[in-house]
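**Student:** quick one, fold the following:
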Amino acid sequence: MMWRRIILLIAVPLLASTARADSTQDRTDTVVRGLLGQDAEVATVGYRLVTANAARCTAGFVESGLTLGTLAQYDVPYRAAAARVLGMTDRPTVELVVPQSVAEQAGIKSGDVLIAADGLPFVSSPPSAKASFAPVEAAMDTLDKALADARATLTIDRAGQQMTIDLVGAPACRSRFQISIDELDAFGTDTIWVKLSSQMVDFAGTPDALAAVMAHELAHNVLGHRKAGIDARARRAQELAADRLAPYLMAAAGYDQAAAVALWRRFKAKHLGGLFTSPTYPGWGQRVTAIAAEVARIADLRARGEPILPPPDLRPR
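**Tutor:** Below is the predicted model of the structure:
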């Protein structure tokens, strides 16, 4: 279940400026489809990263590859579009299923409405005047509890017919990714959540580049980093360690590690703010050089037929 992820989320007017439809309905439908497209990109990359690197993580959980949603998470002008385009209801509804995930293998489909998991009911949450992600988080918690032993029997409603589906989860790093409508950025939250902006998803442009952004943030969770209670020097050391570990997480998930070097060089060339401008981050040159060195090391390990493992100082303790 991701995405979360799980992934977001709240449809807002930001993307509406790019929708040039003739009617309000067409415009809102276009915005919701755009959000769905970004959710699908992030959910797919995130699922591959967290499941492929499960063995590297000291903290793990069970992942399904589901993105859940409810009408309550959408602002009022977009709720009708969410119902039309995504089949959203007051109950937790499957927004999307990651391709080749365990959820797809189990036969779960977009638009399925979740009724219960191992007898634990999913709560119906009629939307209020203000959008809220809380009902989705509650639904994810219910599914997590049912999947604690890696298996769950889901009761779903599909087009008015109830049925049960047996779901076997996949071991994964305990991390989830959420899209936010913010400035160009990505950041961890001292929890399992990683937030990245819709602008960053667009800027990445390709799955490999998006994996570079997400792998950096996942690396913080793998290494057990925390923002609270540390000084600027320690924060810089953490950022550099995450930079260096990210290519190994990408490699494990089948993404091109060289995309990380290209992405951050492009980011720097455009003089974009946010991610690397704080005093708690190392300098641009140092970071890109460090990433490039690990990418070269991975290429050397691969050429010699050796396991692609990070250096000892980048392994969880």
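**Student:** for the residue nearest the centre of the chain, give its distance to Q100.
**Tutor:** Centroid check for the chain by CA atoms, centre = their mean gives F177 as the closest residue, at 2.7 Å. Going from F177 to Q100 by CB to CB, to the nearest Å gives 18 Å. In this view, the C-beta of every residue, glycine as well, is placed from N, C-alpha and C.
**Student:** that older thread, hmm, the residue nearest to the centre of the chain is touching M214, no?
**Tutor:** Yes. Contact status for F177 versus M214: in contact at 6.2 Å, counting by CB atoms under 8 Å.
**Student:** common neighbours of the two, please.
**Tutor:** Common contacts of F177 and M214 (CB atoms under 8 Å, 6 or more residues apart in numbering): V42, G46, V194, L196.
**Student:** filter those down to the ones in helices?
**Tutor:** Those of the shared contacts of F177 and M214 mapping onto helices are V42, G46, per DSSP state H.
**Student:** among the shared contacts of F177 and M214, which one lies nearest to L314?
**Tutor:** Among those, V194 lies closest to L314 (CB to CB), at 18.4 Å.
**Student:** can you get me a residue count around the closest one?
**Tutor:** Here the count is done by other CB atoms under 10 Å, and V194 has 24 residues near it.
**Student:** surely it is in contact with F177?
**Tutor:** Yes. V194 lies in contact with F177 (CB under 8 Å); the separation is 5.0 Å.
**Student:** these two touch, right, A241 and H216?
**Tutor:** No. Contact between A241 and H216 fails when scored by CB under 8 Å: they sit 10.3 Å apart.
**Student:** who has more neighbours out of the two?
**Tutor:** H216 (28 against 19).
**Student:** quick check: which element contains that one?
**Tutor:** For H216, the element it lies in under DSSP states H and E is helix 207-222.
**Student:** let me see the ranges of the helices in this protein.
**Tutor:** Per DSSP H, the chain carries helices over the ranges 3-6, 24-52, 76-86, 102-106, 134-146, 198-204, 207-222, 232-252, 258-269, 284-303.
**Student:** average pLDDT across the shortest one?
**Tutor:** It stands for helix 3-6. Averaging pLDDT along helix 3-6 gives 32.
**Student:** try the last one
**Tutor:** Confidence for helix 284-303, expressed as mean pLDDT, is 93.
**Student:** cool, and the third one?
**Tutor:** The predicted model assigns helix 76-86 a mean pLDDT of 92.
**Student:** which secondary structure elements does it sit against?
**Tutor:** helix 24-52 (3 or more CB pairs under 8 Å, 6 or more residues apart in numbering; DSSP states H and E).
**Student:** so the helix it packs on versus helix 76-86, what angle?
**Tutor:** Using axes from the mean of the first three to the mean of the last three CA atoms, to 10 degrees, the inter-axis angle of helix 24-52 relative to helix 76-86 is 70 degrees.
**Student:** quick one: which of the shared contacts of F177 and M214 is nearest G224?
**Tutor:** G224 lies nearest to V194 out of the shared contacts of F177 and M214, by CB to CB, at 14.3 Å.
**Student:** which pLDDT does the model give the closest one?
**Tutor:** The confidence metric pLDDT takes the value 81 at V194.
**Student:** picking up where we left off before, which among the shared contacts of F177 and M214 gets closest to G160?
**Tutor:** Nearest to G160 among the shared contacts of F177 and M214, counting by CB to CB, is V42 at 30.7 Å.
**Student:** can you pull the pLDDT of the closest one?
**Tutor:** 94.
**Student:** I'd like to know how many residues surround the residue nearest to C57 when sequence neighbours are not counted.
**Tutor:** Excluding the flanking residues, the one nearest C57 by CB to CB, 6 or more residues apart in numbering is C173, at 3.9 Å. For C173, the neighbour count with other CB under 10 Å is 25.
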